[in-house]
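Trainee: Quick check, what structure comes out for this input:
(one chain, ligands or ions: 1)
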Amino acid sequence: MRESSRWVDPAPLEVARPRLPWWTMLPGWVKLVVSPIALSWLLIWLAARVIRLCWYYPVLMTLVVAALWLDWWAGHYWTGAVASVLIMGLFVWWWRSADSYTRWCRWLRTETRRLTIYAWDWRTVTRLSNLTGTSKGREYRPKLKRVRSEGWRDRVRVKMIKGQAPEQWAERASGLAHSFHANSCRVRVIKPGRIELDLIHSDPLARPVPLPAMNATADLRRITVGRTETGKPWRIRLLGNQILAVGVQGAGKGSLLWSVVWALAPLIKTGMVRLYGIDPKGGMELGQCPEVFHKVVYDNGLDAVNLLEEIANDVRQRAGNYRGLRRLWTRESGEPFTLLIVDELADVIAYQTDKKLKERAQAAIQTITSQGRAPGFATLALVQDPRKEIVPFRNLFTTRIAMRLDEPTQVDMVLGDGVRERGAEAHEISELTPGVAWAKEDGKREPARARAFYATDDDLWDLRAYVNGWSFEVLPFRGGEAA
Ligand SMILES: Nc1ncnc2c1ncn2[C@@H]1O[C@H](COP(=O)(O)OP(=O)(O)OP(=O)(O)O)[C@@H](O)[C@H]1O
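Mentor: I've put the predicted structure just below:
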């Protein structure tokens, strides 16, 4: 048989059949009846869009309306001239005084950033980050809600899609930061279904924070030890609290310690607060101002253990005295609130070579931290290594502070599981910013980033002078004269 005479079945023609919307099939009279309803719905939808635009962009919308009105009233030439002068003026303002521009033009900045960065790229970024979902052929997208630009960070509120968890956003935080041109991104839960993304552009804690003037009316429920990244005072609760601060060498644990002592100094002077100190590093730290301590020990041996046991006994005794009288220490009790400061906890409870002393020290510290809350005993323990082998009773500390750490796992050990994912990346704190820390209080979901006050040698000298009541005579400067 000849090849050419064979009949070949052509491939079936595959073209997309044109699909018409279902309503085009409706009879003419139905379309006539339904059209006013459809038109009203369209108008309502359009009005809703305009209201939404005015809600999210009030300043830009006002400027657009003003420009249109000016264009109608004075013509294109004048509108262009006014717009150019306005833009130039804003540019010069930003250039000459970025701080005041940021403060006064916050709304304009918020709206332009929302329009040009977040709204512009929202769909693409959420799709590429796998933060959208599909069901029955319909795509569900997270909704971009309120945006607030604060200069150093943009706070972007998001309504998540159904079935989504904040952890999914936290996992993609790094990608989101890169997509929206930020240095980092943190995820915070606002309420069920709503989260807020913190897109960080610069560090507001880059500069040291000097110690403030002493406050004679310090409140033990909220003493100020530094400044948070939002510019608010960093406050720590001492009454009914036990604090553990962890950080590598040079992380600035000393500045936290002295910030606490500085805040308490007026109360120490009145006798309302009593400090005990243990500094196993031979007094390198606490020895700078020994007068503030009721008792201070400069090693990790028998003296330190005796001191710990003495405090543990006081805790038990005071708790017994309070039985049936009061549930929490108050100043009316007439007994001093007691704070124990241990500069390197590991030296006392882990690196101690004498097994018996080690066990005694561990037992005493556990008594103080577990029973000291009600009778007015608090502990501020500083340590470099947070592992369980070193501090087996981390959970007894109700406020935990992570200063600069080496590894992400250490952050989890200090702050607890899941806190690092919410942004508390203490292992990423720069070496150039000692004193910066992430603090997490028991019962509060969100950790806070803050920087402890910087206590200089002169400040510590002032502290000594204040506690001892020294006064100095200032000699007049006699320039050029021989001494
Ligand atoms: N809050 C701060 N602001 C600015 N600089 C600070 C601050 N805290 C500490 N520093 C600087 O960082 C250096 C190290 O601080 P510090 O000695 O307090 O660290 P540390 O964590 O106690 O270290 P170590 O564990 O070795 O004792 C200090 O010399 C000080 O100049």
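Trainee: what's around residue 373, how many residues?
Mentor: Look at residue 373: counted by other CB atoms under 10 Å, it has 20 neighbours. Glycine gets a C-beta too; all of them are placed from N, C-alpha and C.
Trainee: Next up, the contacts around it.
Mentor: 240, 241, 242, 328 (CB atoms under 8 Å, 6 or more residues apart in numbering).
Trainee: Just the element for the first one, please.
Mentor: In this structure, residue 240 sits in neither a helix nor a strand according to DSSP states H and E.
Trainee: Spatially nearest residue to the residue in the chain that the ligand sits nearest to (excluding sequence neighbours)?
Mentor: Here the residue of the chain nearest the ligand is residue 435; by CB to the nearest ligand atom that distance is 2.2 Å. Among residues not flanking residue 435 along the chain, residue 252 sits closest, at 3.6 Å (CB to CB, 6 or more residues apart in numbering).
Trainee: from what I can see that neighbour touches residue 403, true?
Mentor: Yes - Residue 252 is within contact range of residue 403, at 5.9 Å (criterion: CB atoms under 8 Å).
Trainee: anything in contact with each of those two?
Mentor: Counting by CB under 8 Å, 6+ apart, the residues touching both residue 252 and residue 403 are 434, 435, 436, 437.
Trainee: Run a quick neighbour tally on the first one.
Mentor: Residue neighbour count, defined by other CB under 10 Å, stands at 21 for residue 434.
Trainee: from memory residue 269 sits against residue 467, does it?
Mentor: Yes - Residue 269 is within contact range of residue 467, at 6.2 Å (criterion: CB under 8 Å).
Trainee: how many other residues sit next to the residue of the chain closest to the ligand?
Mentor: 26.
Trainee: Mind telling me what element residue 72 is part of?
Mentor: helix 58-74.
Trainee: list the buried ones in that helix?
Mentor: Neighbour-count burial for helix 58-74 flags 60, 70, 71 (criterion: 16 or more other CB atoms under 10 Å).
Trainee: Which residues outside that helix are in contact with it?
Mentor: 53, 54, 78, 79, 82, 83, 107, 108, 111, 112, 115.
Trainee: re the thing from before, rebuild the shared contacts of residue 252 and residue 403 as a markdown table, extending it with secondary structure and pLDDT.
Mentor: As requested, the shared contacts of residue 252 and residue 403 are exported to a markdown table (DSSP: H, G, I helix; E, B strand; the rest coil; pLDDT from 0 to 100):
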| residue | secondary structure | pLDDT |
| --- | --- | --- |
| 434 | coil | 95 |
| 435 | coil | 95 |
| 436 | strand | 96 |
| 437 | strand | 96 |
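Trainee: quick revisit: quick check on residue 252 and residue 403: which one has the bigger neighbour count.
Mentor: residue 403 (28 against 24).
Trainee: thinking the more buried one is in contact with residue 253, fair?
Mentor: Yes - taking CB under 8 Å as the definition, residue 403 is a contact partner of residue 253 at 6.1 Å.
Trainee: As JSON lines, the shared contacts of residue 252 and residue 403 with distance to residue 283 would be great.
Mentor: Converted to JSON lines, the shared contacts of residue 252 and residue 403 look like this (distance: CB to CB, whole Å):
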{"residue": "434", "distance to residue 283": "21"}
{"residue": "435", "distance to residue 283": "22"}
{"residue": "436", "distance to residue 283": "26"}
{"residue": "437", "distance to residue 283": "24"}
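Trainee: And the strands in the stretch 151-300 of the chain?
Mentor: 153-159, 184-191, 194-200, 209-210, 223-228, 233-236, 242-246, 273-278, 295-297 (DSSP state E, counting those that start in this stretch).
Trainee: again with the stretch 301-450 of the chain
Mentor: Going by DSSP E, counting those that start in this stretch, the stretch 301-450 of the chain shows strands at 337-342, 377-383, 399-402, 436-441, 448-454.
Trainee: before we move on, what about the stretch 1-150 of the chain?
Mentor: Using DSSP E, counting those that start in this stretch, strands in the stretch 1-150 of the chain cover 133-135, 138-140, 143-149.
Trainee: from the ones you listed, which stretch is densest packed?
Mentor: strand 143-149 (a mean of 17; mean count of other CB atoms under 10 Å).
Trainee: Which residues of this protein lie near the ligand?
Mentor: Residues of the chain lying near the ligand by CB under 6 Å from any ligand atom: 208, 247, 249-255, 384, 434-435, 451-452, 454.
Trainee: Quick one: residues contacting residue 225.
Mentor: 234, 235, 236, 256, 259, 260, 263, 452, 453.
Trainee: now these as JSON lines including pLDDT and neighbour count?
Mentor: Shown next, in JSON lines, are the contacts of residue 225 (pLDDT from 0 to 100; neighbours: other CB atoms under 10 Å):
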{"residue": "234", "pLDDT": "96", "neighbour count": "24"}
{"residue": "235", "pLDDT": "94", "neighbour count": "17"}
{"residue": "236", "pLDDT": "94", "neighbour count": "26"}
{"residue": "256", "pLDDT": "95", "neighbour count": "29"}
{"residue": "259", "pLDDT": "96", "neighbour count": "27"}
{"residue": "260", "pLDDT": "95", "neighbour count": "24"}
{"residue": "263", "pLDDT": "94", "neighbour count": "25"}
{"residue": "452", "pLDDT": "97", "neighbour count": "30"}
{"residue": "453", "pLDDT": "96", "neighbour count": "24"}
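Trainee: what's near enough to touch the nearest residue to residue 360 once chain neighbours are set aside?
Mentor: In space, residue 360 comes closest to residue 305 once its chain neighbours are excluded; the distance is 5.0 Å by CB to CB, 6+ apart. Contact analysis of residue 305 by CB under 8 Å, 6+ apart lists 348, 357, 360, 361, 364.
Trainee: now residue 38
Mentor: Per CB under 8 Å, 6+ apart, neighbours of residue 38: none.
Trainee: Looking at it now. What's its pLDDT?
Mentor: Per-residue confidence at residue 38 stands at 90 (pLDDT).
Trainee: From residue 275, how far out is it?
Mentor: 77 Å (CB to CB, to the nearest Å).
Trainee: how much space between residue 199 and residue 143?
Mentor: From residue 199 to residue 143 the distance is 17 Å (CB to CB).
Trainee: returning to that earlier point: got JSON lines for the strands of the stretch 1-150 of the chain, with distance to residue 428 and mean pLDDT too?
Mentor: Formatted as JSON lines, the strands of the stretch 1-150 of the chain follow (distance: least, CB to CB, whole Å; pLDDT from 0 to 100):
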{"stretch": "strand 133-135", "distance to residue 428": "31", "mean pLDDT": "92"}
{"stretch": "strand 138-140", "distance to residue 428": "33", "mean pLDDT": "93"}
{"stretch": "strand 143-149", "distance to residue 428": "23", "mean pLDDT": "94"}
